[in-house]
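Q: sequence plus the predicted model coming up.
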Amino acid sequence: MQEKIIEHFISLTKIPHCSKDADKLLSFLEDFAKEREYKVQIDETKNILISKGTPKLALQAHYDMVCMGKAPTIETYIEEGWMYAKESSLGSDNGMAIAMMMLLMDRGEALEFVITADEEIGLVGADALAFDVQSDYMLNLDFEDEAEVCIGCAGGADLLATQTFQEVSPLKYNYRVSVSDLKGGHSGVDIDKGIPNAIKELASYLEGKDVVLSSFNGGERRNSIPANAVALLSSKEELESTEMVYVEKLEEPLSVYESGKFLELLNRFEHGVNSYNDEFDLPDTSVNLAIVSFKEGKVIVESSARAMSAEGLDEICSKNLTLFSELGFEGSDEYKYPSWKPEVNEFSKEVGESMKKVFGHSEYKAIHAGLECGLISEKYSHMKFASIGPTIMYPHSTREKIKLDSIAKTFEVVEDIVSKL
């Protein structure tokens, strides 16, 4: 069983499926399902509904991945009970869920499979989902801790700040300064783990120094903690490298721009956990300073805010939009999605019992990250929801890994739920 799931997963790693560029995997999944006599529907947003019979249960996952490092070129390897990818993200989020679905399709199970597009860039597919889903229950397979049943998640929004600065005269010395190859991590589940943010580290190094910028670029994805940042600048005084920041002197002249308000924004921005939720022992509100572009005086700052409640999300968004305005930036929000209010219902209880049967124990959890259950539950109010998944660590980074024995056990839970319904 586990071997077949892993075989399916490895086949998925050979098909490029970065967010916004997953058409080849879409076609593969459509053909795979039709060959097994399933009905397949695809909507305008490239979501997929695969179905057979008159099911009571829908399984749900997304088919795009965060591509980091060498991805979409993915070379997997196994070490001490974990699967990794060489110098890239692995795509086990959410590819292992798709592999489990493929095994169930191999068996011809009478189920609905709701597979969404572009989850990793703001739950885009789930937001546009409009299929006539028949099932009474939906099991999301995008959770990342074994033996736990997720019953709630954070809502979120992406926040943007833009401004244009005037060209000014260069100073005495020109430099390239950089912070590179930090650990990175998921901007939700890893936001409280003390992982350094390359943008913040570089901005902190420059704080208080008499410099003007030619360029400043940092970050990889809005939902990843930045691992890299680099700036070209002119300085009144000589600069030196530190343990975190590498400084390289430049001989060529630079065009430079007003930089004070930009650097002040980066240093005042409260990246990380802003408040804590004692009830679920996890962050309540947080924000990730994700991507920065400063080029020819034009600035775009991209960040992702999360909160466990609608009120919390409004608060964290308002706080940062106010900061943008105070410093003369134009602020806006986009890709706003709701939280999923935690609830123990008859379905989550059934899932919990299946979890105990396989693992010997189970807990109900909420997660400080966006799950599609929040959006989908608003669209299908008749359905009951729960989320489970195998143990995945450091998703959205080149350190991503998945626990192998967790895959088989989690699939046993799925099988037990399928047999009950």
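A: Thanks, I have it.

Q: OK, contacts around the closest residue in space to S309 that isn't next to it in sequence?
A: Among residues not flanking S309 along the chain, S339 sits closest, at 5.9 Å (C-beta to C-beta, 6 or more residues apart in numbering). Using the backbone N, CA and C atoms, a C-beta is placed for each residue, glycine as well. Going by C-beta atoms under 8 Å, 6 or more residues apart in numbering, S339 touches 152-155, 307-310, 313, 374.

Q: now do S339 against I151, distance only.
A: Separation of S339 from I151 (C-beta to C-beta, to the nearest Å) stands at 12 Å.

Q: try E326
A: 38 Å.

Q: higher neighbour count, those two?
A: Shown here are E326 and I151; by other C-beta atoms under 10 Å, I151 has more neighbours (24 against 13).

Q: let me know the pLDDT of the residue nearest to S309.
A: What the model reports for S339 is a pLDDT of 91.

Q: what does Q2 give?
A: 87.

Q: that one reaches L404, doesn't it?
A: Yes: taking contacts as C-beta atoms under 8 Å, Q2 lies within contact range of L404: 7.1 Å.

Q: any idea which helix or strand comes after the worst-scoring helix or strand of the chain on mean pLDDT?
A: Every helix and strand of the chain was ranked by mean pLDDT, DSSP states H and E. The lowest is strand 185-186, at a mean of 90. As assigned by DSSP states H and E, the chain's next helix or strand after strand 185-186 is helix 198-206.

Q: tell me the helix or strand right after that following helix.
A: strand 211-218.

Q: dump that next one to CSV, restricted to CA.
A: Extracted C-alpha coordinates of strand 211-218, given in CSV (Å, rounded to 0.1, in the frame of the first residue of the first chain):
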residue,chain,number,x,y,z
VAL,A,211,23.1,54.8,2.7
VAL,A,212,20.9,55.3,-0.4
LEU,A,213,19.7,52.3,-2.4
SER,A,214,20.0,51.5,-6.1
SER,A,215,18.0,48.3,-5.6
PHE,A,216,16.7,45.9,-3.0
ASN,A,217,15.2,42.5,-3.8
GLY,A,218,14.2,39.8,-1.3
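
Q: that strand to helix 198-206, inter-axis angle?
A: 170 degrees (axes from the mean of the first three to the mean of the last three C-alpha atoms, to 10 degrees).

Q: check which helices and strands strand 211-218 sits against.
A: Counting contacts by 3 or more C-beta pairs under 8 Å, 6 or more residues apart in numbering; DSSP states H and E, strand 211-218 packs against helix 198-206, strand 229-235, strand 256-257, helix 260-268, strand 282-295.

Q: which one of those lies closest to R107?
A: Closest of these to R107 is strand 282-295, at 36.2 Å (criterion: C-beta to C-beta).

Q: burial count for E35?
A: Using other C-beta under 10 Å: E35 sits among 9 other residues.

Q: and it, how far from A229?
A: 46 Å.

Q: equivalent analysis for E80, please.
A: Relative to A229, and taking C-beta to C-beta, E80 is found at 32 Å.

Q: with neighbour numbers in mind, choose between these two.
A: The neighbour count for E80 versus A229, taken as other C-beta under 10 Å, is higher for A229 (26 against 6).

Q: residues contacting the closest residue to the more buried one other than its chain neighbours?
A: Nearest non-adjacent residue to A229, counting by C-beta to C-beta, 6+ apart: G218, 3.0 Å away. Contacts of G218 were listed using C-beta under 8 Å, 6+ apart, and they are 179, 198-199, 202, 226, 228-230, 291-292.

Q: which of the residues in stretch 295-312 are buried?
A: By neighbour count with 16 or more other C-beta atoms under 10 Å, stretch 295-312 contains the buried residues 297, 299, 301-309, 312.
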